[in-house]
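In: Below are the sequence and a predicted model; questions follow.
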Amino acid sequence: MVRFLRPLLRGTTYTRLLHLWVPMLMESVWLFIDMSKPWVPALILVPVGLVPAVRVGEGVQARLLLTPGKEEPGISVTPSASWRDRGRTVLWLEVRMLLAVPAMFASVWLPILTYELIRLACGYTNPTSPLLDSARPHWAYGLLALLPLIALYGLVVGLGALATAIARRLLGPSAAERLAALEERTEQLLERTRIARELHDSIGHALTVAVVQAGAARAAGDPEFTDRALGAIEETGRAALADLERVLGVLRESERPASARPTLADAGRLLDSARASGAEVDAEVTGPVAAVPGPVSREGYRILQEALTNVLRHAGTVPVQVRVSVADGTLALEVRNPLPAAIPGPGRGSGLRGIRERAALLGGSARTGPDAGDWRVRAELPLG
């Protein structure tokens, strides 16, 4: 019994009822004008629903009244971007008007019916309800008084749940919106994975070195050794701080939408930054880079950024050749620099893994390693 009555204690039940009532306001105004054509408001809703901004208003209402108190990703609050979205909005307006009719009449006439049954049970005559027009007073009517209220309860709860389900279907995200959300989610997961790798490798390494050096200095008890250990700790700490600042830069950027993230059109600032660090960068860009699709261009920017960062970190200020080309449906990126004294083996380092993972995510490939006396990073990403 308690479970059956629980919806009566929820505010959602009454906000959904209010949502069902709203369309009847327009219908009521029209009935004052012309009662012979009650279908006219439903006809007016067709051109109204074709306005892109109407979908925003309907989405906001549905979120506030049908699913109050929680973020409802199943209901979109963006303008109609296609004729399919406009058609779904029109259909939603018509369905909403259709559901409003039984909700309004039930919420008005069923309580009146209960009131008249109680009056008849108490011996009063002249009921106002047409259903009881010929009824005579009798105590047995009191036993039926709860039936209209139970029917009203079922209609309010049932129609509210039905309106919510239909809203999620007709006002839900379009295919383009779902694709954009999936792209944004992919970007976020990719950046989180990269951040976790960077923090584990750089900060973990720095802390390990610091702990080992500090422990060795304390055990040695030699001022000269202690001085060298402190110098090593300082140098490692500075490098870790630089890595941390770079990772935090990614974090600060993660709140931006995917479409606002840097693309290969912004690659000039990467090259300028590398030159400002002392590297001699020889860059060559061929093909329609500006026409590269957004996801591919954004990942290409990240791959180029990681490749240049690896050059500065492992090889220092050395000559760097950067080649970016777009041809035959493929974006090709290549970064070459003279081999450093300590050659990182293939597969080591989170930066190289990140480059390969980014390329694989888009169905492309990336190769890193020594090549003709240079260290080469080459990635090929399909544009389709």
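Out: Cool, got the structure.
In: C-alpha from now on. contacts and neighbour counts both.
Out: OK.
In: host element of the residue minimising distance to the centre of the chain?
Out: What sits nearest the mean C-alpha location of the chain, by Cα atoms, centre = their mean, is residue 181, with 4.7 Å. Per DSSP states H and E: residue 181 is located in helix 175-198.
In: Check which helices and strands the very next helix or strand once past that helix sits against.
Out: Using DSSP H and E, the next helix or strand after helix 175-198 towards the C-terminus is helix 204-220. With contacts defined as 3 or more Cα pairs under 8 Å, 6 or more residues apart in numbering; DSSP states H and E, helix 204-220 has these neighbours: helix 223-253.
In: And the helix or strand that the helix it packs on is followed by, what's buried?
Out: Note on helix 223-253: by DSSP H and E, the next helix or strand toward the C-terminus is helix 267-276. Using 16 or more other Cα atoms under 10 Å as the test for burial, helix 267-276 gives 267, 270-271, 274-275.
In: CA-only coordinates of helix 267-276 in CSV, if you can.
Out: Below are the C-alpha coordinates for helix 267-276, written out as CSV (Å, rounded to 0.1, in the frame of the first residue of the first chain):
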residue,chain,number,x,y,z
ALA,A,267,50.4,24.3,-35.6
GLY,A,268,52.4,27.6,-36.2
ARG,A,269,52.4,28.3,-32.5
LEU,A,270,53.9,24.8,-31.8
LEU,A,271,56.7,25.5,-34.2
ASP,A,272,57.3,29.0,-32.8
SER,A,273,57.4,27.5,-29.3
ALA,A,274,60.0,25.0,-30.3
ARG,A,275,62.1,27.7,-32.0
ALA,A,276,61.8,29.9,-28.9
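In: Can you list the buried residues in the helix or strand that it is followed by?
Out: With elements assigned by DSSP H and E, the helix or strand that comes after helix 267-276 is strand 280-286. Buried residues in strand 280-286, counted by 16+ other Cα under 10 Å: 280-281.
In: Now do strand 280-286 and helix 267-276, the angle between them.
Out: Taking axes from the mean of the first three to the mean of the last three Cα atoms, to 10 degrees, one finds strand 280-286 and helix 267-276 inclined to each other by 160 degrees.
In: tell me the mean pLDDT for strand 280-286?
Out: Strand 280-286 carries an average pLDDT of 89.
In: just checking, next helix/strand downstream of it?
Out: Toward the C-terminus, strand 280-286 is succeeded by helix 294-310 as the next helix or strand (DSSP H and E).
In: distance between that next one and the chain's centre?
Out: Relative to its parent chain, helix 294-310 has a centroid offset of 23 Å by Cα atoms, centre = their mean, to the nearest Å.
In: Kindly calculate the angle that the following helix or strand past it makes with helix 294-310.
Out: Past helix 294-310, further along toward the C-terminus, the next helix or strand under DSSP H and E is strand 319-327. For strand 319-327 against helix 294-310, the angle by the same axes, to 10 degrees is 170 degrees.
In: what residues does the helix or strand following strand 319-327 touch?
Out: Toward the C-terminus, strand 319-327 is succeeded by strand 330-338 as the next helix or strand (DSSP H and E). With contacts defined as Cα atoms under 8 Å, 6 or more residues apart in numbering, strand 330-338 is touched by 292, 300, 304, 307-308, 311, 315, 318-326, 373-383.
In: Neighbouring strands of strand 330-338 in the sheet, and parallel or not?
Out: Using DSSP bridges, strand 330-338 pairs in its sheet with strand 319-327 (antiparallel), strand 374-382 (antiparallel).
In: for those, which one ends up most surrounded?
Out: Ranked by mean neighbour count, those are led by strand 374-382 with a mean of 22 (mean count of other Cα atoms under 10 Å).
In: Let me see the mean pLDDT of that strand.
Out: Here the average pLDDT along strand 374-382 is 91.
In: Residue 148: neighbour count?
Out: Other residues near residue 148 come to 20 when the count uses other Cα atoms under 10 Å.
In: related to what we said a few turns ago, and the buried residues of helix 267-276 as a markdown table, adding pLDDT and distance to residue 5?
Out: Below are those laid out as a markdown table (pLDDT from 0 to 100; distance: Cα to Cα, whole Å):
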| residue | pLDDT | distance to residue 5 |
| --- | --- | --- |
| 267 | 84 | 62 |
| 270 | 76 | 63 |
| 271 | 83 | 67 |
| 274 | 73 | 68 |
| 275 | 77 | 71 |
